[in-house]
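A.B. asks: What follows is a predicted protein model with its sequence.
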Amino acid sequence: MHPRVFIRTARTVHAASLVGVAAALALSTLSCAGPTATLAPQTASWAPHTSAKEIQLTVREKLAAHRRQEIDRLRAYAEAAQFPVNTPDVNQAHMFKDPQGRLCAVANLIHADGHDDVVDAVASANNGLVVAGLKAGPVVDWIRTSGLTQEEVARIQAPAPLVRRKRAPKADDHDVAAKPRMSEAQMVAALRTRFASVEAELEATTTASLDTAVERLVAND
């Protein structure tokens, strides 16, 4: 199920109420099966006596499972080190996807959840998308079901360091000549260090962040 459909389902079931969000979550399994995992439709079944607290705990458990999955995927992404390469020819602070098809950390998480349509749409329309400033749309919908907060996803979205070109500079390379550049090996080391730091932050703030994630999913802010 597409993230946007997921959110619309939550609104339809009970007008953004906690029960409605819980039912929408029950209709979707946040699978930990691997790269092709999707929000697979299943049957929601809530006993009439189920309390709001019990439903909230179920919502939280599902978001916690997805959050755990995303943190593990971030670690694997850092270890694989298939990062977008930002050269003066490209020169973007952020890149969802580079010309060779390598994904940024956020795009990789969305891809791993089975939403390549979202990744491709962003890369085509606005490859330099900055997550921190988003108010709505498919990426925000995905964030709401990821178990991460938008602030955390913004931290994951590391700017792409400018890598030295292998060819000689051209005469029209005027505006990038003064910008600091590093080798690809230095870029990989720098990003691995950054992602290790972000991972530690995510682990340390899990309890508070899940509180925020549940609140925002219910409110659909």
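C.D. replies: Thanks, I have it.
A.B. asks: what are the ranges of the strands in this protein?
C.D. replies: 28-30, 39-41 (DSSP state E).
A.B. asks: which other helices and strands contact the longest helix along the chain?
C.D. replies: In terms of residue count, the longest helix belonging to the chain (DSSP state H) is helix 52-80. When contacts are defined as 3 or more Cβ pairs under 8 Å, 6 or more residues apart in numbering; DSSP states H and E, helix 52-80 packs onto helix 18-26, strand 28-30, helix 105-112, helix 138-146, helix 184-204, helix 206-219. Where C-beta positions appear, they are placed from N, C-alpha and C, glycine not excepted.
A.B. asks: Would you mind getting the angle between that helix and helix 105-112?
C.D. replies: Counting by axes from the mean of the first three to the mean of the last three Cα atoms, to 10 degrees, helix 52-80 lies at 110 degrees to helix 105-112.
A.B. asks: follow-up on the earlier one: just put the helices and strands packed on helix 52-80 in TSV and tack on mean pLDDT.
C.D. replies: Shown next, in TSV, are the helices and strands packed on helix 52-80 (pLDDT from 0 to 100):
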stretch	mean pLDDT
helix 18-26	47
strand 28-30	41
helix 105-112	97
helix 138-146	95
helix 184-204	92
helix 206-219	92
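A.B. asks: show me the residues around the nearest residue to Val130 once chain neighbours are set aside that make contact.
C.D. replies: Leaving aside its sequence neighbours, Val130 sits nearest to His94 (Cβ to Cβ, 6 or more residues apart in numbering; 5.9 Å). The neighbours of His94, taking Cβ atoms under 8 Å, 6 or more residues apart in numbering as the test, are 104, 128-130, 157, 159-160.
A.B. asks: By neighbours, which of those residues wins?
C.D. replies: For the contacts of His94, the largest neighbour count, defined by other Cβ atoms under 10 Å, is 28 neighbours, found at Cys104.
A.B. asks: thought it was touching Gln157?
C.D. replies: Yes. Cys104 lies in contact with Gln157 (Cβ atoms under 8 Å); the separation is 6.5 Å.
A.B. asks: got a pLDDT number for Gln100?
C.D. replies: What the model reports for Gln100 is a pLDDT of 89.
A.B. asks: State the distance from the residue nearest to it when sequence neighbours are not counted to Ala196.
C.D. replies: Excluding its sequence neighbours, the residue lying closest to Gln100 (Cβ to Cβ, 6+ apart) is Val85, at 7.2 Å. Distance, Val85 to Ala196, using Cβ to Cβ, to the nearest Å: 20 Å.
A.B. asks: and if you look at Arg68?
C.D. replies: From Arg68 to Ala196 the distance is 17 Å (Cβ to Cβ).
A.B. asks: same question, Val131
C.D. replies: 20 Å.
A.B. asks: Settle it for me: which of those two has more neighbours?
C.D. replies: Legend: neighbour count by other Cβ under 10 Å for Val131 and Ala196, higher for Val131 (21 against 13).
A.B. asks: can you pull the contacts of the more buried one?
C.D. replies: By Cβ under 8 Å, 6+ apart, the contact set of Val131 is 106, 139, 143, 150, 153-154, 157.
A.B. asks: Can I get the contacts of His94 in JSON lines including distance to Val188 and pLDDT?
C.D. replies: JSON lines is the format used below for these (distance: Cβ to Cβ, whole Å; pLDDT from 0 to 100):
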{"residue": "Cys104", "distance to Val188": "14", "pLDDT": "94"}
{"residue": "Gly128", "distance to Val188": "21", "pLDDT": "89"}
{"residue": "Leu129", "distance to Val188": "23", "pLDDT": "91"}
{"residue": "Val130", "distance to Val188": "23", "pLDDT": "92"}
{"residue": "Gln157", "distance to Val188": "17", "pLDDT": "92"}
{"residue": "Pro159", "distance to Val188": "15", "pLDDT": "77"}
{"residue": "Ala160", "distance to Val188": "12", "pLDDT": "72"}
